[in-house]
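Participant: Task: produce atomic coordinates for the following.
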Amino acid sequence: MQIYLPIAELPLSLFLLLGMGAAVGFIAGLFGVGGGFLLTPFLIFIGVPAPVAVATSSVHIAASSVTGALTYWRRQALDSRLGAVLIVGGVLGTALGVLFFNQMRRLGYLDVIITLSYVTLLMSIGCLMFVESIGAMLESRKQQRAGVAPVKAAPEKAWHQRLPFHMHFARSKLTTSVIPVVGLGTIIGFIGTVLGIGGGFLVVPALIYLFRIPTNVVVGTSLLQIVVTMLVAIFLHATISQAVDVILGLVLVVGGVIGAQFGVRTGQTLKGEQFRLLLAMLILAVGVRFAFEIVGKPPDPFVISTVEVER
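Facilitator: Next up, the predicted model:
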């Protein structure tokens with residue numbers, strides 16, 4: 001069954017889009033990553049123009065993240081105070097991201113920037129997480145075989161705790177300066193808006209490795225930040241970029257909301273090392289697929305398209 005997408009200007013299978021939305025929603029609930037780093041590439045791979053894929057992915061990301069965030073909030077696995085600080089920076093970054101998005105689209109560089117950014121981000125972050133998670137799992141097994149409990153070093157004052165404007169986040173068991181937290185939110189908001197991702201695959205590793213926040217709290221907090229920043233991105237893309245395909249977004253949302261519920265339930269059963277390893281493998285897989293788009297032979301060597309020229 002085919003449906004026509006007016007903004008994307010092409011027909012696509014309804015069941016394909018529903019299945020895609022459900023699969024990405026499941027992953028969003030499982031890892032707390034929004035799912036945009038998967039959905040946007042998938043849409044581009046099936047023929048949706050990059051600007052439309054980026055802008056419309058925000059609709060699906062926001063909807064699937066709402067259900068996941070509510071579930072974590074009911075289970076008291078969400079730090080609302082930390083999420084609020086991340087949101088402050090996220091909104092600023094989102095506004096800057098939309099301005100950059102429109103400027104690059106006018107100049108004709110947007111598609112190249114999206115592709116290169118995906119390859120760089122996904123491959124670098126995926127490799128780092130993969131190596132770290134494998135090392136953690138091997139160390140844990142070694143200690144179990146030796147029958148020795150892991151020795152924890154005396155806690156040292158982290159770099160982010162030496163900065164001014166401290167705030168205590170009880171749920172995350174963290175006292176730190178709000179400056180790096182707001183800065184992280186700004187960077188994630190900017191990148192997420194330009195690439196059509198929730199930014200969760202950046203927020204989650206950052207909160208775990210930089211701030212040492214427990215994994216079960218990180219996922220819910222990440223989803224809260226994603227919900228607000230994506231709602232702002234939807235509004236700005238719809239009013240400024242005018243690249244949001246409402247029909248495509250609604251179809252993806254239906255599948256995403258259902259898939260997110262199953263993902264949240266599954267995510268609560270994963271151990272920290274398993275969680276990081278699976279997320280790393282997923283990120284690497286998408287990065288490899290994008291890299292192939294750059295070095296592989298294109299199906300259409302010559303493409304004729306219109307280009308907007310400012311007078």
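Participant: ok, which stretches of the stretch 51-200 of the chain are helices?
Facilitator: For the stretch 51-200 of the chain, helices defined by DSSP state H, counting those that start in this stretch occupy the ranges 80-107, 110-146, 178-195, 200-209.
Participant: Dump these into JSON lines; add mean neighbour count, mean pLDDT and distance to Gly25 as well.
Facilitator: C-beta: built from backbone N, CA, C; applies to glycine. Listed next are those as JSON lines, based on neighbours: other CB atoms under 10 Å; pLDDT from 0 to 100; distance: least, CB to CB, whole Å:
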{"stretch": "helix 80-107", "mean neighbour count": "20", "mean pLDDT": "86", "distance to Gly25": "20"}
{"stretch": "helix 110-146", "mean neighbour count": "16", "mean pLDDT": "74", "distance to Gly25": "20"}
{"stretch": "helix 178-195", "mean neighbour count": "23", "mean pLDDT": "85", "distance to Gly25": "17"}
{"stretch": "helix 200-209", "mean neighbour count": "24", "mean pLDDT": "76", "distance to Gly25": "13"}
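Participant: Of all those helices, which one is nearest Gly19?
Facilitator: helix 200-209 (21.3 Å; CB to CB).
Participant: Convert the C-alpha atoms of that closest one to CSV, please.
Facilitator: Only the C-alpha atoms of helix 200-209 are listed here, as CSV (Å, rounded to 0.1, in the frame of the first residue of the first chain):
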residue,chain,number,x,y,z
GLY,A,200,20.9,10.6,22.8
PHE,A,201,23.7,8.6,21.3
LEU,A,202,25.9,11.5,22.3
VAL,A,203,24.3,12.5,25.6
VAL,A,204,24.2,8.9,27.0
PRO,A,205,28.0,8.2,26.6
ALA,A,206,28.8,11.8,27.8
LEU,A,207,26.8,11.5,31.0
ILE,A,208,28.2,8.0,31.6
TYR,A,209,31.9,8.6,30.9
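Participant: could you give the angle of that helix to helix 80-107?
Facilitator: 140 degrees (axes from the mean of the first three to the mean of the last three CA atoms, to 10 degrees).
Participant: helices and strands around helix 200-209, which ones?
Facilitator: In this structure, helix 200-209 makes packing contacts with helix 14-31, helix 110-146, helix 178-195, helix 215-236, helix 272-295, judged by 3 or more CB pairs under 8 Å, 6 or more residues apart in numbering; DSSP states H and E.
Participant: what number of residues lie near Ser177?
Facilitator: 18 (other CB atoms under 10 Å).
Participant: Also Pro49?
Facilitator: 19.
Participant: Now it: phi and psi?
Facilitator: According to degrees, to the nearest 10, the main-chain angles of Pro49 amount to phi -60, psi 140.
Participant: And it, how far from Ala8?
Facilitator: Distance of Pro49 to Ala8, computed by CB to CB, to the nearest Å: 6 Å.
Participant: Same question for Arg265.
Facilitator: Counting by CB to CB, the gap from Arg265 to Ala8 is 33 Å.
Participant: likewise Gly263?
Facilitator: For Gly263 relative to Ala8 (CB to CB), the value is 26 Å.
Participant: Give me the more crowded residue out of these two.
Facilitator: Gly263 (25 against 20).
Participant: In terms of helices and strands, where is that one?
Facilitator: Using DSSP states H and E, Gly263 falls within helix 246-267.
Participant: picking up where we left off before, what's the closest of the helices of the stretch 51-200 of the chain to Gly259?
Facilitator: helix 200-209 (15.0 Å).
Participant: The closest one: how far from the chain's middle?
Facilitator: 10 Å (CA atoms, centre = their mean, to the nearest Å).
Participant: tilt between it and helix 110-146?
Facilitator: 40 degrees.
Participant: now helix 200-209 against helix 215-236, angle please.
Facilitator: 140 degrees.
Participant: if we can go back for a sec, among the helices and strands packed on helix 200-209, which comes closest to Leu38?
Facilitator: Comparing the helices and strands packed on helix 200-209 by CB to CB, helix 14-31 comes nearest, at 5.2 Å.
Participant: Skip ahead from the closest one and say which helix or strand is next.
Facilitator: Of the helices and strands lying after helix 14-31 in sequence (DSSP H and E), the nearest is helix 36-45.
Participant: counting contacts, what elements does that following helix pack onto?
Facilitator: By 3+ CB pairs under 8 Å, 6+ apart, helix 36-45 packs against helix 14-31, helix 50-74, helix 110-146, helix 178-195, helix 272-295.
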